[in-house]
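Asker: got a sequence here, can you build the structure:
(2 chains)
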Amino acid sequence: MKKAILWAPLAMFLIFAAMVAGKLYAPGDSSIVSHMVGKPLPAFALPAGMPDRPGLANTDFAKGKPRLLNIFASWCVPCAAEAPQLVELRKAGVEIDAIAIRDRPEDIAEFLKRYGDPYARIGSDANSSVQVAMGSSGVPESFVIDGQGIIRHQHIGDIRPENVPDILAAIRAAQ
Amino acid sequence: MIAEIGLAALWLAAALAALQFVFGAIALYQRDMTMLRGVRAVAVVQALLTATAFAALILVFLRTDLSVSLVAANSHVAKPWLYKFAGTWGNHEGSMLMWVTILALAGGAVALFERRLEDRTLIATLAAQATIGLGFYAFLLFASNPFDRLDPAPAQGNGLNPLLQDPGLAFHPPTLYVGYVGLSIAFSFAVGALVTRDVGAAFARAMRPWVLAAWIFLTLGITAGSYWAYYELGWGGWWFWDPVENASLMPWLAATALLHSVTVLATRDGLRAWTVMLAVVAFSMSMIGTFLVRSGILTSVHSFAVDPRRGAFILALLAIYIGGALALFALRVGTVREGSRFDMVSREGSLVANNLLLSAILGIVLIGTLYPLGIEALTGGKLSVGPPYFNAAAGPLALILVVVMAAGPLLRWRRDELRALARRLAVPAIVAVLALVIVLAVLPRAHLLPSLGLILAAGVAVASVAPLWKRNLRRTPLFTWGMVIAHLGIAVSLAGMASESAFTQETLVAARPGEVHGVGPFAVRFEGVEPVAGPNWTALEATLTATRGTGAPMEMRPQARAFWAPPTETNEAAIRTLWDGQLYTVLGKQAEDGRWQLRLWWKPFVTLIWAGGALVAIGGALSLLGRLLRDRRAAQRGKEWWE
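Answerer: Here you go, the predicted model:
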């Protein structure tokens, strides 16, 4: 009996090692899947964020083709950091709409002039109400919406160069 | 060229580690103790070579040699020199090289200075240390080469995570690593003693200063890390039960237990198997912590981007070293003679209680840290374990431990009387009762744990200096002073934690320039926000004027910083330290209507947390100094190893 107890620490360590080995070889996807994924967009109709293009409503999405919805703000530094990736996605043929959070038309115009303008439509969400309804807690965030207006993918934080293939894959999967 | 010298030194060091192991094994097998000098020399040269490699990496970072891919990925030409220097270990490969460097230096130090350990055990210890080194050299050379070149070299470099662009980075990781990896000595001592079956009082006396030294650095590193998180992350908290904090706490808990059990072994030749076990566990916890962080299995602010193959490599090393040591323990410890016996009510008894409580807390922290992994493996569910679990589970045990800590030093070795102990604890108990009355009067509705913390801190502070009572202070040994100061430090730190949790006041407001908001006893006037620029960042800086009563106004300037390489935003809290606490202010975002978010905290006596931590480390240092001085006096009567 006493002998067996001496082996207990080794046994405990081996269980731990087996557990983390499993985790290493089947690396779980550490992203937290949003509860909004798989659900239709909430109903909203936002006024235009800039005078040169229309505002944004949930009905703009249920038109048969997947679109990327980017939540951004001209005052947000990571949004500027992700702008080149959005431009690249636009060049790859992705249709991109935006919701601008607590922003002003002249600031948005300045931002787009500086960092590139990939957006077809821009809705202005002056009090973050649509953002909250989308289950988004900050800027920037991006959603892939399929042709039926269902949210298929959520990307929290800025889109980095290494995330571009994931976004493209999510768009293709939503076809 | 410098990078190539570094790489060559690393290869040579790996070869010497192999040699050190082979020499050691031959010496043990042939019982040829004349090889000890050779093994010692190899260990010292190996340490110098690894230090050379590390120095080469520091030089490459200081010169921002962007043809080295590690520098290109983690540094930037525009970075201030201090962060270029500290950036050497602000990344995966560099931090692993630092880890190995400390491992080799620790082995070299044992080879140079250890004279009391029996020759056979010393050879086995150095061979064990070389074996650990060998695996980690292989890891660096084959899976994480810090000296890889990049062709063509980029013009600028990516930059360092802005959270790491803080003077704390120059100090916190090296201190913690010296502590973590210093525990490797205890591990190698334990393995060496198991191999030669030499577990006894002499072994414990030889091991104690090494454990004490590593523990001092670990204590300093954790204290500094806690303060760094407190002011740099801008959340106003000082401990978050983040997996990596836990990874540093677990070796500390094990090392603290070891420090006390090794005293029982050294003084009374008891707790032999248990002490050896703790020595193995302490460094195993360091390695598991390194693995959990460096493999990306647990994510936290401390992780660097990683490759799963590296995780598999470190896991394999862990399986060999920890698995091997535990198997050796199971095979050999049965043949180690049982040590001497003692009563429950005795100094030994209280040290056993200390060990059991520390181990239980260690178990609680370990389970809490690994629980999300287990749940994900079993059910696929995702969750995180936070303060509600850790505080509720570990808090009460920690308070009991503090009581034991107060009583332990007042007990005699071997056997004592409960009634005598009660007499010695009378004064501390009276102080605790007074504290209880004050807490009930001032804070009738305070939470249980913080109130108990305050009451116990008062009693324990008195009890911890009680061992000096009626002693001739000038003839009291330095290590007794060390113990008293370390225990007092725990009481001071406990008082800080309890005070922070019971009395902190917080104000979160959206303010316009010119407005005055109150927090605790302060009136804080929001003067306005101005842009400022640093070497590689721009910031919005608020000016606040805080006044307490009729006191002089204090100006505070919290910042919201935006770094451009890589683009990240951080909050730089403005903290004003006063004799009775800290005023902590953070500037948040600007709302659309032009108002600014301000977070203001008044944290009475929060600084005691870290002052207590520093006292604990100072106590450890005094104790170490006392032991070394006594050894030197003893050694002057004996013979030195080189004579």
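Asker: so where do the helices sit in chain A?
Answerer: A:2-25, A:77-91, A:105-115, A:129-133, A:164-173 (DSSP state H).
Asker: what's the weakest-modelled helix or strand in chain B?
Answerer: Scoring the helices and strands of chain B by mean pLDDT, DSSP states H and E places strand B:567-572 at the bottom, with a mean of 76.
Asker: and the helices of chain A: which comes nearest residue B:92?
Answerer: Across those, the minimum distance to residue B:92, taken as CB to CB, is reached by helix A:2-25, at 15.7 Å. No exception for glycine: its C-beta is placed from N, CA and C like everyone else's.
Asker: the spatially closest residue to residue B:396 that is not a sequence neighbour - how many residues pack around it?
Answerer: Excluding the flanking residues, the one nearest residue B:396 by CB to CB, 6 or more residues apart in numbering or on different chains is residue B:449, at 7.6 Å. When neighbours are counted by other CB atoms under 10 Å in any protein chain shown, residue B:449 registers 18.
Asker: OK, contacts around residue B:449?
Answerer: Shown in contact with residue B:449 (CB atoms under 8 Å, 6 or more residues apart in numbering or on different chains): B:391, B:395-396, B:399, B:498, B:501.
Asker: phi, psi of residue B:314?
Answerer: phi -60, psi -40 (degrees, to the nearest 10).
Asker: how about it: what's its closest non-neighbour residue?
Answerer: Per CB to CB, 6+ apart, closest to residue B:314 is residue B:291, 4.7 Å.
Asker: what strand or helix carries the one you found?
Answerer: helix B:272-294 (DSSP states H and E).
Asker: what about the chain, any weak spots by pLDDT?
Answerer: You didn't pick a chain, so chain A it is. A:1-2, A:25-35, A:137 (pLDDT under 70).
Asker: that's the wrong chain, I wanted chain B
Answerer: In chain B, residues with pLDDT under 70: B:155-165, B:294-308, B:336-339, B:380-382, B:564-567, B:592, B:637-643.
Asker: can you map out the strands along it?
Answerer: B:505-511, B:516-519, B:522-533, B:537-548, B:554-556, B:559-564, B:567-572, B:574-578, B:581-590, B:596-604 (DSSP state E).
Asker: got CSV for the ones you listed, with mean neighbour count and distance to residue B:459 too?
Answerer: Below are the strands of chain B laid out as CSV (neighbours: other CB atoms under 10 Å in any protein chain shown; distance: least, CB to CB, whole Å):
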stretch, mean neighbour count, distance to residue B:459
strand B:505-511, 16, 27
strand B:516-519, 16, 31
strand B:522-533, 15, 32
strand B:537-548, 19, 31
strand B:554-556, 16, 35
strand B:559-564, 20, 42
strand B:567-572, 18, 39
strand B:574-578, 16, 27
strand B:581-590, 22, 22
strand B:596-604, 22, 20
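Asker: relative to helix A:2-25, how tilted is the helix holding residue B:291?
Answerer: 0 degrees (axes from the mean of the first three to the mean of the last three CA atoms, to 10 degrees).
Asker: show me what helix B:272-294 is packed up against.
Answerer: Under the contact criterion of 3 or more CB pairs under 8 Å, 6 or more residues apart in numbering or on different chains; DSSP states H and E, helix B:272-294 touches helix A:2-25, helix B:92-113, helix B:168-196, helix B:201-232, helix B:243-268, helix B:308-332, helix B:347-379.
Asker: how far is that helix from where the chain is centred?
Answerer: On the basis of CA atoms, centre = their mean, to the nearest Å, helix B:272-294 sits 13 Å off its chain's mean C-alpha point.
Asker: and for stretch B:497-517?
Answerer: 31 Å.
Asker: which residues sit against that stretch?
Answerer: Counting by CB under 8 Å, 6+ apart, B:236, B:238, B:443, B:446-447, B:449-454, B:457, B:518-520, B:523-529, B:581, B:591, B:594-606, B:608-609 sit against stretch B:497-517.
Asker: returning to what we had before: neighbours around the residue nearest to residue B:314, how many?
Answerer: Neighbours of residue B:291 (other CB under 10 Å): 23.
Asker: ok, now how distant is it from residue B:319?
Answerer: 10 Å (CB to CB, to the nearest Å).
Asker: who in chain A is up against chain B?
Answerer: Residues of chain A found near chain B (CB under 8 Å from any CB of the partner chain) are A:2-3, A:6-7, A:9-10, A:13-14, A:16-17, A:19-25, A:27-28, A:30, A:32, A:75, A:77-78, A:80-81, A:102, A:126-127, A:158.
Asker: give the buried subset of the residues you listed as a PyMOL selection command.
Answerer: Buried residues among these (16 or more other CB atoms under 10 Å in any protein chain shown), as a PyMOL selection:
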select buried, chain A and resi 6+9+10+13+14+16+17+19+20+23+24+75+77+78+80+81+102+158
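Asker: closest to the centroid, which residue in chain B?
Answerer: With distances taken as CA atoms, centre = their mean, residue B:218 lies nearest the centre of chain B, 3.2 Å away.
Asker: now it, nearest residue through space, not along the chain?
Answerer: Nearest residue to residue B:218, sequence neighbours excluded (CB to CB, 6+ apart): residue B:179, at 2.9 Å.
Asker: report how many residues lie close to the one you found.
Answerer: Residue B:179 sits with 25 neighbouring residues when counted by other CB under 10 Å.
Asker: if I look at it, how far off is residue B:344?
Answerer: From residue B:179 to residue B:344 the distance is 33 Å (CB to CB).
Asker: I figured residue B:554 hits residue B:574, correct?
Answerer: No. Taking contacts as CB atoms under 8 Å, residue B:554 lies outside contact range of residue B:574: 9.8 Å.
Asker: which neighbours do these two share?
Answerer: Joint contacts of residue B:554 and residue B:574 (CB under 8 Å, 6+ apart) do not exist.
Asker: stretch B:132-144: which residues count as buried?
Answerer: B:132-137, B:139-141, B:143-144.
Asker: now the helices: where do they sit in the stretch 1-150 of chain B?
Answerer: Secondary structure of the stretch 1-150 of chain B (DSSP state H, counting those that start in this stretch): helices at B:2-30, B:36-62, B:69-74, B:81-86, B:92-113, B:119-138.
Asker: same list (these) but as CSV, adding distance to residue A:163.
Answerer: Putting the helices of the stretch 1-150 of chain B into CSV (distance: least, CB to CB, whole Å) gives the following:
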stretch, distance to residue A:163
helix B:2-30, 32
helix B:36-62, 29
helix B:69-74, 18
helix B:81-86, 27
helix B:92-113, 21
helix B:119-138, 33
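Asker: to chain A, which of the ones you listed lies closest?
Answerer: helix B:69-74 (13.1 Å; CB to the nearest CB).
Asker: in terms of secondary structure, what does the closest one contact?
Answerer: helix B:36-62, helix B:92-113.
Asker: C-alpha coordinates for stretch B:58-75, CSV please?
Answerer: The C-alpha coordinates for stretch B:58-75 follow below in CSV (Å, rounded to 0.1, in the frame of the first residue of the first chain):
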residue,chain,number,x,y,z
ILE,B,58,21.7,41.3,-26.1
LEU,B,59,24.3,43.0,-28.3
VAL,B,60,22.4,42.1,-31.5
PHE,B,61,19.3,43.7,-30.0
LEU,B,62,21.1,46.8,-28.8
ARG,B,63,22.5,47.3,-32.3
THR,B,64,19.0,46.5,-33.8
ASP,B,65,20.7,44.1,-36.2
LEU,B,66,17.6,43.5,-38.4
SER,B,67,19.2,40.7,-40.4
VAL,B,68,18.6,38.6,-37.3
SER,B,69,15.0,37.5,-37.7
LEU,B,70,14.2,37.6,-34.0
VAL,B,71,15.3,41.3,-33.9
ALA,B,72,13.3,42.1,-37.0
ALA,B,73,10.2,40.5,-35.6
ASN,B,74,10.4,42.1,-32.1
SER,B,75,12.3,45.3,-32.2
